[in-house]
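Asks: sequence? don't have it. structure:
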């Protein structure tokens, strides 16, 4: 089966609020044009299109069909969609190329989180019988997870502040003076609500050099899932991330882009993936800087690939998560094709 490479990445500005509609078209059109201009490709050259978004977040049925307006009605396209972060759409597109059905694919994700009550919408992914009817918001669930780690002595509030300080380029001690948002989490421990979109173009390794000087070949990719029952798993660990990392083969990575929407989750992922201080973690700023729903995981893959494009690294790791408290995890490893 052919190897697959990331050959282009672009993202819309990550902002607190956008004036456009919830179908993402206004965010997608400029970044489609961006990746096409850099690769020399056009719409007719793309063998497969796959997107990630949420009807619940958009507030309309089949919202991803409306987003296809960003592609255009002609020429006809071969298109699919996942109702989750577009990192999983990339996995579907990766399979299409691996199976030899196409040799190029475009993956995109979008989310207008400001359009509604994001944290209430995320409660809909919880157990529909015993948990979702209580409407626990995503921050409260993460706070329970953080509290378990504190009580177990796995991290301290100072450790959380140091993670935030690194992303904000500020002093950790000053952050500890801020009030709690959801004890033990402060505002700096929580990813901001963000509107945004991201796009990646994939190509078979045999064609990748046609589109960029140094493609990022996906040498390993896997995703795993833990039980959605919060009381049935150890929330201070991410077993599915550990399993995905073992399957993807992450040894020797120089850079890791981790999709950690909360400071303590970065600590969990570092431990689960076995990342030491020699690995540069989230040079892009990560999800704590901007967390566009259904695009942030795909953006981690794109930012990791950019480290290879620019020659700053030869072997990188990208991670995406979905579900409550790191329930579902995807890990991809990429290497430069010289």
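Replies: That came through fine. Everything numeric in this text was worked out from a predicted model, so none of it was measured. Numbers count the residues shown, from 1 in each chain.

Asks: give me the contacts around the helix or strand hosting residue 272.
Replies: Taking DSSP states H and E as the definition, one finds residue 272 inside helix 263-273. Outside helix 263-273, the residues that touch it by Cβ atoms under 8 Å, 6 or more residues apart in numbering are 142, 145-146, 149, 154-155, 159-161, 163-164, 185, 188-189, 236-239, 241-242, 245, 250, 256, 258, 260, 275, 281-282, 286, 288, 317, 319, 321, 326, 331. In this view, the C-beta of every residue, glycine as well, is placed from N, C-alpha and C.

Asks: narrow those residues to those in strands?
Replies: 185, 256, 281, 317, 319, 321, 331 (DSSP state E).

Asks: I'd like to know the average pLDDT value across the helix holding residue 272.
Replies: Across helix 263-273, pLDDT averages out at 97.

Asks: return the set of buried residues in that helix.
Replies: 263, 264, 265, 266, 267, 268, 269, 270, 271, 272, 273 (16 or more other Cβ atoms under 10 Å).

Asks: as TSV, those with distance to residue 61 would be great.
Replies: Formatted as TSV, the buried residues of helix 263-273 follow (distance: Cβ to Cβ, whole Å):
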residue	distance to residue 61
263	36
264	36
265	32
266	35
267	39
268	35
269	34
270	39
271	41
272	37
273	37
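
Asks: closest one of these to residue 65?
Replies: residue 265 (32.7 Å; Cβ to Cβ).

Asks: roughly how far apart are that closest one and residue 326?
Replies: Residue 265 is 6 Å from residue 326, where distance means Cβ to Cβ, to the nearest Å.

Asks: in the stretch 201-338 of the chain, which spans are helices?
Replies: 205-208, 239-248, 263-273, 296-309 (DSSP state H, counting those that start in this stretch).

Asks: confidence score at the spatially most central residue of the chain?
Replies: Against the mean C-alpha coordinate of the chain, by Cα atoms, centre = their mean, the closest residue is residue 297 at 0.6 Å. Listed pLDDT for residue 297 reads 98.

Asks: and residue 128, by the same measure?
Replies: 89.

Asks: what helix or strand does the nearest residue to residue 86 once chain neighbours are set aside sit in?
Replies: Closest residue in space to residue 86, ignoring its immediate chain neighbours: residue 109 at 2.6 Å, by Cβ to Cβ, 6 or more residues apart in numbering. Element membership of residue 109, judged by DSSP H and E, is strand 104-112.
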